[in-house]
Structures are given as structure tokens and as C-alpha cells.
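**Student:** let's see this in three dimensions:
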Amino acid sequence: MTRPILLCSAVALGALAALAGCNRTTPEVNPVADAPPDAGPLALASGNPLADLKSHLSQKQAPPPIDPKDIVPVAKRDPDWDLEPQDPARDYVRRYVWGVSRYGDMSPCVDAQASVPENGKATVRVVDAYPPHCPPTGVDEIFAVDVSADRLELVHQQSDRPKLAKWFDGSDPLGPAKAPVPEFANPAKWTTPTGDVFKDAQLAVVRIQLYGRGTYPFVMVAGWPQWFPRDSDQATRDAFAVKVCTASKGLPLAVAAGLNRSDVLRIRCGEHPTGIWETL
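**Tutor:** As a prediction, this is how the structure comes out:
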């Protein structure tokens with residue numbers, strides 16, 4: 001019964017002797033002091049898995065900087081009506097007359113004249129414009145406009161004309177605009193002549209909001225096609241504007257693409273339709 005005990009004691013003594021021998025022959029190592037001066041973090045890992053992982057993570061390259069062209073700009077404001085800055089009151093009346101078709105089929109045959117300041121507002125007279133193929137209409141009415149307050153009223157109404165109808169969004173001319181801004185429920189069904197111009201141009205319409213009390217479409221398309229890049233020349237933009245203004249009978253609009261509501265192509269009608277980029 002004593003032999004196994006002696007054997008175990010011998011083994012234990014042998015192990016202690018070996019350990020003592022290692023202590024005598026192996027010098028103490030300082031991993032920091034003994035590392036070469038140019039050694040990186042991996043030289044100090046000393047086989048420690050956590051140290052190896054930390055060192056590996058610290059040596060991973062930082063992600064490349066984001067190209068500014070890949071950042072979608074954020075609009076700082078909503079689109080406005082883009083009224084003519086030279087005479088916004090006149091343009092305001094024009095948008096109303098054409099937008100609600102106040103004079104029916106004769107609406108394209110009349111136009112608003114230059115505004116006249118009066119009593120803190122601006123009066124605008126609407127009479128025959130005599131465009132080609134239009135007979136005399138006999139229209140002669142005067143509107144009072146407060147552009148800053150977004151209000152419109154009649155100060156001289158012909159006896160055979162009805163009172164002012166509501167704007168296209170259903171709001172009263174003497175009251176505030178509707179909120180939120182109305183929009184088409186299904187842009188794919190935009191089958192007006194203006195919508196056809198967008199289809200012919202291979203512009204996939206994904207959303208249409210109606211600012212300007214329903215008279216100013218803000219059209220979002222999926223993206224600019226190859227023939228109409230973001231940096232297209234002025235001649236290309238103006239050619240597109242002519243088609244839009246002809247189809248809309250002179251009512252302007254704005255176009256933006258993708259998720260970018262900041263960079264807007266303003267289609268301005270008038271004697272010389274044009275397409276102008278603007279940042280909101």
C-alpha cells in the first residue's frame with residue numbers, strides 16, 4: 001500500500017524539480033521593453049487571443065470618405081409657386097383664371113394685365129389677349145390681389161359672370177390654402193397632355209404634389225434618363241419646357257428626381273419657355 005504513495009511523491013518531486021529548473025534557466029521577459037522600437041501592436045500580443053483581436057481591429061483601415069455626389073441633398077423649404085418676380089400679382093391672377101378655367105373655353109383667350117398698386121394691394125385687369133384663332137371674348141374684370149397674404153377678390157365683376165369659384169384644391173380665394181398639399185393618388189393615371197409629354201420623354205412619374213392651391217404641379221420622377229442628364233445643356237432644357245408649356249397651356253411646373261427634392265428644374269412658361277435649375 002505504500003508503493004503507490006511513494007511513486008506519486010516521486011512524480012510530484014520530479015515536477016517541482018523541473019519547474020525549479022525552468023525558473024533557474026529561463027530569463028524574465030518584459031514584452032514591452034524587449035519589443036523592437038518599430039514593432040507594431042501585433043509584436044506585443046504574446047499569443048493572447050484578446051490582444052490579437054484588439055490589435056487586428058486597431059489595424060483595420062478606416063472606410064473611404066463618402067463622395068459628396070452620393071449624398072442626397074435635403075431641401076430647406078417646400079416648393080413655392082415660382083410666381084414671376086417682375087409682377088407676382090399679375091401672375092397670381094393668371095394662375096387663378098387658367099387654373100380654375102374661370103371663362104371656360106375662352107380662358108386661354110384672355111390674359112391678366114400689369115398690376116397697379118392700390119390700397120395696400122394690387123389690382124389686376126383681365127381682358128382679351130387676342131391670341132391666334134381666338135375670337136373676342138368680351139371679358140373685362142378687375143381683381144384685387146394680396147400676394148403676401150395669399151388672398152384674391154373681385155372688385156369689378158361683370159354681371160354675366162359668376163362669383164369667384166374655389167381654387168383647384170377646393171380652397172376659397174378669400175381663405176387659406178388647403179393643408180396638407182393635395183396630390184395625385186395614382187401618378188400613372190396622369191393622362192393629361194402634360195402627362196403625355198413626360199411619358200414621351202421617358203420620365204417615370206412617381207409622385208405629383210399640387211402647390212399653388214392646386215395650380216402648380218411639383219413632379220417627382222424616378223430619375224433622369226440618359227438623354228436628359230442632370231447637367232443637360234440649356235437648349236435641351238428649353239426644348240423640354242416648350243413641350244410642357246404647350247401641353248399645359250402656359251401653366252408652369254417643377255420637376256425633381258429620385259429622393260432629391262432640393263435640386264429642382266423649374267419649367268417657366270411665357271413668351272420664351274425655359275428650364276431653370278434651382279436649389280430649395
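**Student:** low-confidence stretches in this structure?
**Tutor:** Low-confidence segments of the chain (pLDDT under 70): 1-73, 75.
**Student:** separation between K249 and V124?
**Tutor:** 19 Å (CB to CB, to the nearest Å). In this view, the C-beta of every residue, glycine as well, is placed from N, C-alpha and C.
**Student:** what's the answer for K178, then?
**Tutor:** With CB to CB as the criterion, K178 and V124 are 23 Å apart.
**Student:** OK, contacts around the nearest residue to A188 once chain neighbours are set aside?
**Tutor:** Counting by CB to CB, 6 or more residues apart in numbering, A188 lies nearest to V205, which is 7.5 Å off, once chain neighbours are set aside. The contact partners of V205, taken as CB atoms under 8 Å, 6 or more residues apart in numbering, are P187, A188, W190, G195, F198, V219, M220, V221.
**Student:** could you do A256 as well?
**Tutor:** Residues near A256 by CB under 8 Å, 6+ apart: F218, V219, M220, V221, S262, D263, V264, L265.
**Student:** what helix or strand is it located in?
**Tutor:** Element membership of A256, judged by DSSP states H and E, is strand 253-257.
**Student:** can you check V97 too?
**Tutor:** Assigned by DSSP H and E, V97 belongs to helix 88-99.
**Student:** which secondary structure elements does the next helix or strand after that helix sit against?
**Tutor:** The first helix or strand that comes after helix 88-99 along the chain, using DSSP H and E, is strand 110-112. Other elements packing on strand 110-112 under the criterion 3 or more CB pairs under 8 Å, 6 or more residues apart in numbering; DSSP states H and E are helix 88-99, strand 121-128.
**Student:** now those in a markdown table, with mean neighbour count?
**Tutor:** As requested, the helices and strands packed on strand 110-112 are exported to a markdown table (neighbours: other CB atoms under 10 Å):
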| stretch | mean neighbour count |
| --- | --- |
| helix 88-99 | 23 |
| strand 121-128 | 20 |
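**Student:** just send those back as TSV, with distance to A257 too.
**Tutor:** As requested, the helices and strands packed on strand 110-112 are arranged in TSV below (distance: least, CB to CB, whole Å):
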stretch	distance to A257
helix 88-99	25
strand 121-128	35
